[in-house]
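Colleague: Pasted the sequence and its predicted model underneath.
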Amino acid sequence: MNLCDAKTVKNIMTAYGLHFRKEFGQNFLTNKMVVEDIADNCTDTADGTILEIGPGIGTLTRELCLRHKNVVALEIDKSLIPALGYTLNDFDNVTVINEDVMKADIATILAPYFEEGPVSVCANLPYYITTPILMKLLESGLPFRYITIMIQSEVADRLVAKAGSSAYGAITAVLNYYGEAERLFTVSAGHFMPPPKVNSAVVRIKLYEEKPYQPQNEKIFFRTIKAAFEQRRKTLPNALSSGFPELSKEKCTALVELAGHRPDIRGERLSAKEFLTLADLITKEIEA
Ligand code: SAM
């Protein structure tokens with residue numbers, strides 16, 4: 001079965017009474033080489049489990065099933081489930097679950113798989129909800145080996161941006177705390193059905209087995225990053241005093257200097273590690 005063939009896709013959709021649902025970000029991949037490339041590069045082991053978010057009609061799922069021990073696929077759209085029963089019929093290593101990933105208890109769903117071996121995530125994500133899904137996966141604290149996602153090209157640029165560049169944002173700094181992101185390749189809109197308005201890119205995140213640094217207070221660490229980027233045009237002391245009303249402007253300036261920066265620096269220049277140093281000083285001040 002070739003799910004990258006437009007005619008095959010149309011036939012399956014007609015047979016199961018399906019239509020592309022914009023509200024679920026349904027743009028199905030139709031280039032076999034791209035699908036194989038994603039499945040080949042999403043992790044470095046074949047003896048583990050892949051969590052796929054949004055299998056659609058199973059195009060990427062089939063390639064994942066061919067390469068990995070187990071595949072667990074979470075699909076929000078109930079109407080796709082019977083079609084997936086048909087397209088994945090020849091595999092006994094796949095479990096399809098009709099759930100919204102944002103509501104699903106992924107720790108419970110994946111618990112038996114984590115006991116068996118490494119678990120990675122591989123997904124052509126619905127673009128309307130990329131960042132919330134990525135944040136949910138990272139904040140879950142689950143020991144994923146890799147998270148490989150196809151996302152909007154501009155979002156991919158943000159994830160791999162260097163501190164100080166215009167693409168660098170809060171999501172970059174937060175992501176750098178959990179792991180290292182690498183942009184694998186770009187995929188043009190013509191390789192999807194229907195084609196989206198933007199180009200896409202595949203990003204692979206290697207999660208740290210042990211984080212190289214740990215903030216004294218994780219909440220304050222994330223608050224520090226949020227404050228710095230919410231007021232991106234302001235100097236860092238000004239941005240911090242808006243984000244931490246309990247600290248005076250003078251105190252924020254002193255803490256920024258104590259962290260080794262000039263008081264006119266903007267938050268976008270700080271790496272995750274530098275945010276952590278600053279957040280630890282803020283924590284000390286707040287908790288004193
Ligand atoms: N994997 C398929 C492919 O590559 O051709 C489909 C990818 S399509 C961009 C996104 C898929 O995610 C759709 O099947 C859509 O129904 C599903 N989806 C959207 N929101 C979701 C959510 N919150 N939870 C689970 N699946 C979701």
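Modeller: Here it is on my side, so go on.

Colleague: Okay, whichever residue of the stretch 1-150 of the chain sits closest to the ligand and residue 198: tell me how far apart.
Modeller: Relative to the ligand, the nearest point of the stretch 1-150 of the chain is residue 54 (2.0 Å; CB to the nearest ligand atom). The C-beta positions use only the backbone N, C-alpha and C, and glycine is treated the same way. For residue 54, the distance to residue 198 (CB to CB, to the nearest Å) stands at 17 Å.

Colleague: what does residue 57 give?
Modeller: Distance, residue 57 to residue 198, by CB to CB: 22 Å.

Colleague: Same question for residue 125.
Modeller: 13 Å.

Colleague: One more: residue 258?
Modeller: Using CB to CB, we find residue 258 at a distance of 42 Å from residue 198.

Colleague: Pull up the residues of the stretch 51-200 of the chain that are close to the ligand.
Modeller: 53-56, 59-60, 74-77, 100-102, 124, 126, 129 (CB under 6 Å from any ligand atom).

Colleague: in the stretch 51-200 of the chain, which ranges drop under the pLDDT threshold?
Modeller: Within the stretch 51-200 of the chain, no range satisfies pLDDT under 70.

Colleague: residue ranges of the strands in the stretch 1-150 of the chain, please?
Modeller: Applying DSSP state E, counting those that start in this stretch to the stretch 1-150 of the chain gives strands spanning 28-29, 49-53, 70-74, 94-97, 119-124, 146-152.

Colleague: quick check: angle from the fifth one to strand 146-152?
Modeller: Looking back up the chat, that one is strand 119-124. Here the directions of strand 119-124 and strand 146-152 differ by 10 degrees (axes from the mean of the first three to the mean of the last three CA atoms, to 10 degrees).

Colleague: mind checking how far strand 119-124 is from the chain centre?
Modeller: Centroid separation between strand 119-124 and its chain, computed with CA atoms, centre = their mean, to the nearest Å, is 9 Å.

Colleague: List the buried residues for the lengthiest helix in the chain?
Modeller: Counting residues, the longest helix found in the chain (DSSP state H) is helix 272-287. Neighbour-count burial for helix 272-287, with 16 or more other CB atoms under 10 Å as criterion, is recorded at 272, 274, 275, 276, 277, 278, 279, 280, 281, 282, 283, 285.

Colleague: with these in mind, which one is nearest to residue 150?
Modeller: Nearest to residue 150 out of these is residue 272 (CB to CB; 24.1 Å).
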